[in-house]
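compute the structure for the input listed below.
(chains A, B, C, D and E)
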Amino acid sequence: MCGRFALTGSLNWLFRLLFLEPPPVFADRYNIAPTQPVFAFLYDIDRNCLRYDFLSWGLVPPFVKDPGEISTLINARAETLREKPAFKNAFRYRRCILPASGFYEWKRAGATAEPFYFSAAADAGQLCLAGIWEIWHGEGGEQMNSCAIITVPANRTVQKVHHRMPAIIAPDQIAAWLNPETAPVDLLRLLRPASDNLLTCIRVGSYVNSPRNEGPECVSPEVPKGPFQPDLFFE
DNA sequence: CCAGACGTTGTT
DNA sequence: GTCTGG
DNA sequence: CCAGACGTTGTT
DNA sequence: GTCTGG
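Predicted coordinates:
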């Protein structure tokens, strides 16, 4: 699955690819967690244009009375997107791309969970995660835009840590994914586990565990804990 | 017909 | 809103 | 996803 | 244990 990710560095290549003007500033984010605003490229069927926006991570279906009523829809299984009432309309009409430098997965080992960071092996930069988004209207006219990340079975690299992973769209498929004219069957074809050579994996420290923590330390490799820690004694 | 769910993950 | 279950 | 809270009353 | 918050 995908419950935490990072977005750092310049996205200019993506803006250029989509013929959009980049915003002047873009803060590095190392620990993007559910409920937070996430940056997204999306097709807006109402305005009939491709644009970007910030979406609240955790999809709120339009039929709920209170956005707090549903809180865990941070992922949507690719296998059942078309059938699930909470997702089908979003899949049909509101797809998005969530750029990510990498994503975190936790490996469960009994009571403990060890965090791992997956990023593009080619050092080429960001990944494009496939998402769906939704518009929620409150009784008082308030509006909330939210999103979920689509998951697929893990590839060989991710399998070592977890059995699901985010769907990653290749740069040359982004336009097709966002295009409102693309047929559902062709959309589903894009939702495949990434090829095994796309990602590298490192074990990171538990610093990232708390969503309150930010900064590059989130992706720092785990400091091995051995019986000997001379630095502590001879400081 | 109306009532009630509508989602994922992991764990048991 | 729309589908499923009773 | 993990971390952290988990409660009421009355008064300022 | 379970729910809420980030």
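
now the end-to-end length of stretch A:203-214.
Using CA to CA, to the nearest Å, the end-to-end distance of stretch A:203-214 comes to 17 Å.

right, I mislabeled it, should have said stretch A:100-117
12 Å.

could you do stretch A:173-192 as well?
End-to-end distance of stretch A:173-192 (CA to CA): 12 Å.

hmm, that stretch touching DNA strand C?
No - legend: contact between stretch A:173-192 and DNA strand C by CB under 7 Å from any atom of the strand is lacking; minimum distance shown is 14.4 Å. Heads up, the C-betas are built off the backbone N, CA and C, glycines and all.

list phi and psi for the nearest residue to residue A:173 once chain neighbours are set aside.
In this structure, residue A:173 finds its nearest non-sequential neighbour in residue A:190, 5.5 Å apart by CB to CB, 6 or more residues apart in numbering. Phi and psi for residue A:190, reported as degrees, to the nearest 10, are phi -80, psi -20.

quick one, grab the pLDDT at residue A:190.
Residue A:190 is assigned a pLDDT of 96 by the prediction.

thinking it is in contact with residue A:152, fair?
No - the pair residue A:190 / residue A:152 is not scored as a contact, 10.2 Å apart, by CB atoms under 8 Å.

mind listing the shared neighbours of those two?
Jointly contacting residue A:190 and residue A:152 under the rule CB atoms under 8 Å, 6 or more residues apart in numbering are residue A:167.

how about the strands in chain A?
Along chain A, counting by DSSP state E, strands occupy A:5-7, A:29-32, A:37-44, A:49-57, A:75-77, A:95-100, A:102-109, A:112-120, A:127-137, A:143-153, A:164-166, A:199-203.

what about the residue of chain A found nearest DNA strand C, distance to DNA strand E?
Per CB to the nearest atom of the strand, residue A:63 is where chain A lies closest to DNA strand C, at 3.3 Å. According to CB to the nearest atom of the strand, to the nearest Å, residue A:63 and DNA strand E sit 18 Å apart.

enumerate every residue touching that residue.
residue A:85.

just residue A:36 next, same as before
For residue A:36, the contact set (CB under 8 Å, 6+ apart) comprises A:56-57, A:211.

how about 7 Å then?
residue A:57 (CB atoms under 7 Å, 6 or more residues apart in numbering).

hmm, residue A:176 is touching residue A:182, no?
Yes - between residue A:176 and residue A:182 there is a contact under CB atoms under 7 Å: 5.3 Å.
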